[in-house]
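Asks: quick one: sequence plus predicted model below, questions after.
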Amino acid sequence: MRYAHTVQAVRDAEDALMARLPEGVLMQRAAAGLAAVGAEVLGRVYGSRVVVLAGSGSNGGDALYAGARLARRGAAVTAVLLSPERAHTAGLAALRAAGGRAVGTEDAAAPIARAHLVYDGIVGIGGKGGLRPQAADLMRAVYDARAAVVAVDLPSGVDADTGEVAGDAVRADVTVTFGTYKPGLLIDPAAGLAGALRLIDIGLGDDLGVPAVEALQNADVAAMLPRPGGESDKYRRGVVGIVAGSDRYPGAAVLAVSGAIRGGAGAVRYVGGGGAAVLARHPETLVSTGSPHAAGRVQAWVVGPGLGDSAAARTAVEEVLASDVPVLVDADGLRLMSRDAVLARNAATVLTPHAGEAAALLGRPREAVEASRLDAVRALAGAYGATVLLKGSTTLVASPSALEPVRVNPTGTAWLATAGSGDVLSGLAGSLLAAALPAADAASAAAYLHGLAARLTPPPLTALDVATTLPSAWPL
Ligand SMILES: NC(=O)C1=CN([C@@H]2O[C@H](COP(=O)(O)OP(=O)(O)OC[C@H]3O[C@@H](n4cnc5c(N)ncnc54)[C@H](O)[C@@H]3O)[C@@H](O)[C@H]2O)[C@@H](O)CC1
Ligand SMILES: [K+]
């Protein structure tokens, strides 16, 4: 698992650790990591030209000490001090002692134009709001110079706790972060500005509390997925029921079932008007028309993809929500469900909106959901007492309890923004629910596998390609 902690958690852990260590040790650990990554990016340090953009806080201090380390190895290092009277005194002295120099912003143009590498030490976890105009101007000069940008702790101007970007922010090639990831490094739009992430262990480990955000890694997914044993039969492995598609949208039925049959459940029941199309593609499906409760026992339901908004569709959603097994609601189901029906449930409910659907449920503009994804997913999970998977550029999964970390999906590709890919995801997640995975695990493992399958599929990909590639994404 990859963990991200809030600024407050980082500060508490740093305070606890600093009380046990001589002064300055943590900053030296940070600077050593920063210098090592800078040296890697440069390839050859001796003779290279490095600019340190140093703000007034400890983030600038880290960058100045890193600059000092590279200067000792033969780099020409120039620090540009954004507020010269408040620059980190000891860091600046170390840089000067190592042969580096410092200038004010008025003299920054020439060194920036010739720089190979620029450290963004403007602000770190103490930053508030976007870049100030002067810093934004300096960064424009940096991009024009095509220097490599290494952000210190996080790209300045992004919100460390939420991933929100309120104004101008640094666009980094690499971000070297200290002690733990910050939520903003994993969640868009900020994550899109961080470049490659490098975590430097500064020893916070035992002092960090519960993470705010976590990202599954391959081994985590492997440990969660169902594996049939000698005692398994199709019913013990779980049966998933899919209520999807309609005469008008039979394709959604096929796609949801194609995800479900590759999700580890022992059998898939399909209920609805798309049965002929489903059977043509997946003859192993148990197909029925009529109502969900007449279809036979299932261990989880998926309801909504391509369902339309007929009276029958509404009744089907109500009936499924009244059941005592886990239910995943997607697409049209999200419009047809009532909040009271979701709140009244005892078994788990998983909602899988994209930003537009989440916006409608929350009564916010879509852009507001996209700009504040973490807040949106938590708000929805709280309001509905449900596990919510918010799809998009970074897919997030929030549990109904605000104490649980939000999961951010590390896989995926922009090619997934294709018709029907969400239907495959809901079938897959429903199948994992039927195989008895807890709701947050089912949703986040499904997002992981779906995103990985998409990456393994040569573009331009179709939703059915993703479903077909799922077995290659399944960890062995
Ligand atoms: N506390 C520690 O033990 C450690 C801290 N470290 C570094 O210290 C950083 C945090 O340092 P600080 O708490 O001093 O805070 P920062 O260096 O992040 O910035 C705080 C300063 O920036 C100003 N500021 C806030 N928003 C701004 C904006 N938008 N534009 C320009 N200036 C702005 C504030 O007035 C304040 O003076 C971390 O991100 C990390 O880089 C590391 O050295 C590791 C150890
Ligand atoms: K920074």
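Replies: Perfect, I can see it now. Ligands and ions are numbered 1, 2, ... in the order given.
Asks: okay, stretch 194-201 in PDB with CA atoms only?
Replies: What follows is stretch 194-201, C-alpha atoms only, in PDB (Å, rounded to 0.1, in the frame of the first residue of the first chain):
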ATOM      1  CA  ALA A 194       3.800  16.500  -9.700                       C
ATOM      2  CA  GLY A 195       5.600  14.400 -12.400                       C
ATOM      3  CA  ALA A 196       7.400  11.300 -11.200                       C
ATOM      4  CA  LEU A 197       7.100  10.800  -7.400                       C
ATOM      5  CA  ARG A 198      10.100  10.000  -5.200                       C
ATOM      6  CA  LEU A 199       9.600   9.300  -1.500                       C
ATOM      7  CA  ILE A 200      12.500  10.000   0.900                       C
ATOM      8  CA  ASP A 201      12.300   8.200   4.200                       C
END
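Asks: contacting residues around that stretch?
Replies: For stretch 194-201, the surrounding residues in contact (Cβ atoms under 8 Å, 6 or more residues apart in numbering) are 29-30, 32-34, 37, 149, 151, 154-155, 158, 171-181, 184-185. For glycine as for every other residue, the C-beta is placed from the backbone atoms N, C-alpha and C.
Asks: mind redoing it with 7 Å?
Replies: Residues from elsewhere that reach stretch 194-201 (Cβ atoms under 7 Å, 6 or more residues apart in numbering): 29-30, 33, 37, 151, 154-155, 172-178, 181, 185.
Asks: strands of the stretch 101-250 of the chain, start to end?
Replies: With DSSP state E, counting those that start in this stretch applied, the stretch 101-250 of the chain shows strands at 101-104, 117-121, 148-152, 174-178, 196-200, 213-215, 239-243, listed in chain order.
Asks: buried ones in the first one?
Replies: This points to strand 101-104. Neighbour-count burial for strand 101-104, counted by 16 or more other Cβ atoms under 10 Å, picks out 102-103.
Asks: quick check: residue 113 touching residue 143?
Replies: No - applying Cβ atoms under 7 Å, one finds residue 113 not in contact with residue 143, separated by 11.6 Å.
Asks: count the residues that sit near residue 168.
Replies: Here the neighbour count serves as a burial measure; for residue 168 (other Cβ atoms under 10 Å) it reads 18.
Asks: and residue 77, by the same measure?
Replies: Taking other Cβ under 10 Å as the definition, residue 77 ends up with a neighbour count of 30.
Asks: who's in contact with the residue of the stretch 201-350 of the chain found nearest ligand 1?
Replies: Using Cβ to the nearest ligand atom, the single residue of the stretch 201-350 of the chain nearest to ligand 1 is residue 202, 5.7 Å away. Neighbouring residues of residue 202 by Cβ under 7 Å, 6+ apart: 26, 29-30, 178-179.
Asks: same check, this time on residue 249
Replies: For residue 249, the contacting residues are 306, 308, by Cβ under 7 Å, 6+ apart.
Asks: recalculate using a threshold of 10 Å.
Replies: When contacts are counted by Cβ atoms under 10 Å, 6 or more residues apart in numbering, residue 249 is found next to 255, 272-274, 305-308, 331-332, 420, 423.
Asks: picking that back up, quick one, which of the contacts of residue 202 are buried?
Replies: Listed as buried from these are 26, 29-30, 178-179; burial here means 16+ other Cβ under 10 Å.
Asks: how about the residues you listed in CSV, adding pLDDT and distance to ligand 1?
Replies: Formatted as CSV, the buried ones among the contacts of residue 202 follow (pLDDT from 0 to 100; distance: Cβ to the nearest ligand atom, whole Å):
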residue, pLDDT, distance to ligand 1
26, 96, 4
29, 97, 7
30, 98, 4
178, 98, 5
179, 97, 7
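Asks: and which of these is nearest residue 64?
Replies: The nearest member of these to residue 64, counting by Cβ to Cβ, is residue 30 at 11.4 Å.
Asks: doesn't residue 66 make contact with that closest one?
Replies: Yes - under the criterion of Cβ atoms under 10 Å, residue 30 lies in contact with residue 66, with a separation of 8.1 Å.
Asks: can you list residues touching both of those two?
Replies: With contacts taken as Cβ under 10 Å, 6+ apart, residue 30 and residue 66 have 152, 176 as neighbours in common.
Asks: sorry, back to before: filter the contacts of stretch 194-201 down to the buried ones.
Replies: The neighbour count (16+ other Cβ under 10 Å) marks 29-30, 33, 37, 151, 154-155, 172, 174-178, 181, 185 as buried among these.
Asks: before we move on, back to that, in the contacts of stretch 194-201, find the pair that's most separated.
Replies: In terms of Cβ to Cβ, the contacts of stretch 194-201 reach their longest pairwise distance at 29 and 173, which sit 22.3 Å apart.
Asks: how many neighbours does residue 16 have?
Replies: Residue 16 has 13 neighbours, counted by other Cβ under 10 Å.
Asks: what pLDDT does residue 317 get?
Replies: Predicted confidence (pLDDT) at residue 317: the value is 98.
Asks: let me see the contact set for the closest residue to it other than its chain neighbours.
Replies: Distance criterion Cβ to Cβ, 6 or more residues apart in numbering; nearest residue to residue 317, sequence neighbours excluded, is residue 336 at 4.4 Å. Applying Cβ under 10 Å, 6+ apart to residue 336 gives the contacts 303-304, 307-310, 313-318, 321, 329.
Asks: could you check the pLDDT of residue 336?
Replies: We note a pLDDT of 98 for residue 336 in this prediction.
Asks: list phi and psi for it.
Replies: Note on residue 336: backbone dihedrals following degrees, to the nearest 10 are phi -90, psi -20.
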